[in-house]
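Colleague: sequence and predicted structure below; questions after.
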Amino acid sequence: MDGLLKPSYGKEFINDHLLRYCRKNKITFTRSRPHRKNDNCFVEQKNYSVVRRAGGYRRYDAEEELKVLNSIYELLRLYTNFFQPVMKLISKEKVRSKVKKTYDRARTPFQRVLESPFVSQQAKDVLKEQYAALNPVQLKREIIKLQDKLDALARSKNDQQREGRHVNLEYILR
């Protein structure tokens, strides 16, 4: 891969299209910024608060599970970005042995985009239309329904695997 990617750089998340784009634009992959060893924790900080809370820690490897999981993520993206406020850390100051943290007021990612001068008014208008069409209670109900379906699929798969092992054990014992 022309030295662009090394096995330890998380190549499992990079597809051919992304790789071609990055090569064309001379973008290289690194774990973190120079002299900032702890960057990875900021990249992965939403793994628990969003991803793991929604999908759990099970291994989902069946096609049906993938479809349900993708549906959950599609709804979760809307629910999280439009309706879940986040407090951003503004500064940390060490006062004697304690660290005093100052946070920005809690706002949703949607609100932050609307306040940003770097986002076009056209993009903001599209987001406003999308927001107006959403119902947070309905989104949450659909997410919970899909989570229950995913849980049922995983349990049925585990039950089938256990039954298969049980049959194999009986066969061996004979």
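Modeller: Perfect, I can see it now.

Colleague: now the residue nearest in space to the middle of the chain: how far from Ala132?
Modeller: What sits nearest the mean C-alpha location of the chain, by Cα atoms, centre = their mean, is Val51, with 4.6 Å. Remark: distance between Val51 and Ala132 (Cβ to Cβ, to the nearest Å) = 27 Å. For every residue, glycine as well, the C-beta is placed using N, CA and C.

Colleague: next one: Tyr131 from Ile72, what distance?
Modeller: The spacing between Tyr131 and Ile72, counted by Cβ to Cβ, is 20 Å.

Colleague: okay, the two: which has more neighbours?
Modeller: For Tyr131 versus Ile72, neighbours defined as other Cβ atoms under 10 Å are more numerous around Ile72 (22 against 16).

Colleague: contacts only, for the more buried one.
Modeller: Ala54, Gly55, Ile143, Leu146, Gln147, Leu150 (Cβ atoms under 8 Å, 6 or more residues apart in numbering).

Colleague: got a PyMOL select line for the buried ones in these?
Modeller: In PyMOL, this line selects whichever of the contacts of Ile72 come out buried by 16 or more other Cβ atoms under 10 Å:
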select buried, resi 54+55+143+146+147+150
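
Colleague: can I get the contacts of Ile72 in JSON lines with pLDDT, secondary structure and distance to Val68?
Modeller: Output for these, formatted as JSON lines (pLDDT from 0 to 100; DSSP: H, G, I helix; E, B strand; the rest coil; distance: Cβ to Cβ, whole Å):
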{"residue": "Ala54", "pLDDT": "82", "secondary structure": "helix", "distance to Val68": "11"}
{"residue": "Gly55", "pLDDT": "81", "secondary structure": "helix", "distance to Val68": "9"}
{"residue": "Ile143", "pLDDT": "94", "secondary structure": "helix", "distance to Val68": "11"}
{"residue": "Leu146", "pLDDT": "95", "secondary structure": "helix", "distance to Val68": "6"}
{"residue": "Gln147", "pLDDT": "93", "secondary structure": "helix", "distance to Val68": "9"}
{"residue": "Leu150", "pLDDT": "91", "secondary structure": "helix", "distance to Val68": "5"}
